[in-house]
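>>> Sequence and predicted structure below; questions after.
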Protein chains: 2
Amino acid sequence: MLNQSAALDATFQALADPARRSMLSRLSFGPTSVSELARPLKMSLPAVMQHLAVLEASGLVRTRKLGRVRSCRIEPRGLSLAERWLNQRRTEWEQRFDRLGDYLETMKKETRDHGQ
Amino acid sequence: MLNQSAALDATFQALADPARRSMLSRLSFGPTSVSELARPLKMSLPAVMQHLAVLEASGLVRTRKLGRVRSCRIEPRGLSLAERWLNQRRTEWEQRFDRLGDYLETMKKETRDHGQ
DNA sequence: CGTATACTTAAGCATATGCTTAACCAAAGC
DNA sequence: GCTTTGGTTAAGCATATGCTTAAGTATACG
């Protein structure tokens, strides 16, 4: 089991490559094989396998071999983990902004009321 | 200007390191100096500077030097870009699931109505 | 002016990443 | 059974990343 921080490391690292994001985009429309994932990419099959391994290690993708073809599907909980982290940071920032707004509003009122 | 894909590369890459996420977490509560960002991290100041450069290059953070201290603040639009990409992938996946659900529902109805 | 503070630059180094080519293996198709 | 198809393993290599220490610069303080 990966701890939270290591899981985020692996997830964001996996997301940081255009080939891997392309694979995830394809997979977001439904499961597919390795060679289907490779088709639009300008690189060798072993390279695609390595990207796939990164995606699988991060928990963003799950795969399963049936006969000689490996079927790959997206794991939406992997996406959610990353999405939640980003959302929390953004929310904290916005809350701070709200408090700042309240503070400025209060100052304005006090200036008006007490003629500072 | 970075194109969309390069911007996502830089953003997710920046997010893939625990020290940089720690810095972003701190910054989500408000602007601060470099040495303040460095305080909780077990590394040299130059190392922190390098992480900061990565964050700034990705557009997740903006900095500005006043006197001898550099003030750093989070750039929420950087977070949004990454968040939106994740959200789109997850949404596509969920829509596919909905369509699959509809299909299965249709099949069930047809079986019931026409006694297939 | 002299010293402390807050970075900043440069160099060097170990490990990680992203790719390649060259075999290799095992299920399908004929 | 022999070949094609779909994937896998291994090795090697160039570049990128994450850190370090040592030395520098530019404010601010007393």
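It's in.
>>> and chain A, which residues reach DNA strand C?
A:13, A:16-17, A:19, A:42-44, A:46-47, A:50-51, A:54, A:66-68 (C-beta under 7 Å from any atom of the strand). For the C-beta atoms, the positions are set from N, CA and C on the backbone; glycine is no exception.
>>> Mark which of the residues you listed are part of strands, please.
residue A:66 (DSSP state E).
>>> among the residues of chain A next to DNA strand C, who's most crowded?
residue A:51 (22 neighbours; other C-beta atoms under 10 Å in any protein chain shown).
>>> How many neighbouring residues does the residue in chain A that DNA strand D sits nearest to have?
Nearest residue of chain A to DNA strand D, counting by C-beta to the nearest atom of the strand: residue A:35, 2.8 Å away. For residue A:35, the neighbour count with other C-beta under 10 Å is 11.
>>> Filtering the residues of chain A next to DNA strand C by proximity to DNA strand D, which remain?
Answer for the residues of chain A next to DNA strand C near DNA strand D (C-beta under 7 Å from any atom of the strand): A:46, A:68.
>>> State the phi and psi torsions of residue A:72.
phi -120, psi 140 (degrees, to the nearest 10).
>>> How about residue A:68?
phi -100, psi 0.
>>> quick one: the host helix or strand of residue A:11 to helix B:4-15, angle?
Under the criterion of DSSP states H and E, residue A:11 resides in helix A:4-15. Counting by axes from the mean of the first three to the mean of the last three C-alpha atoms, to 10 degrees, helix A:4-15 points 160 degrees away from the direction of helix B:4-15.
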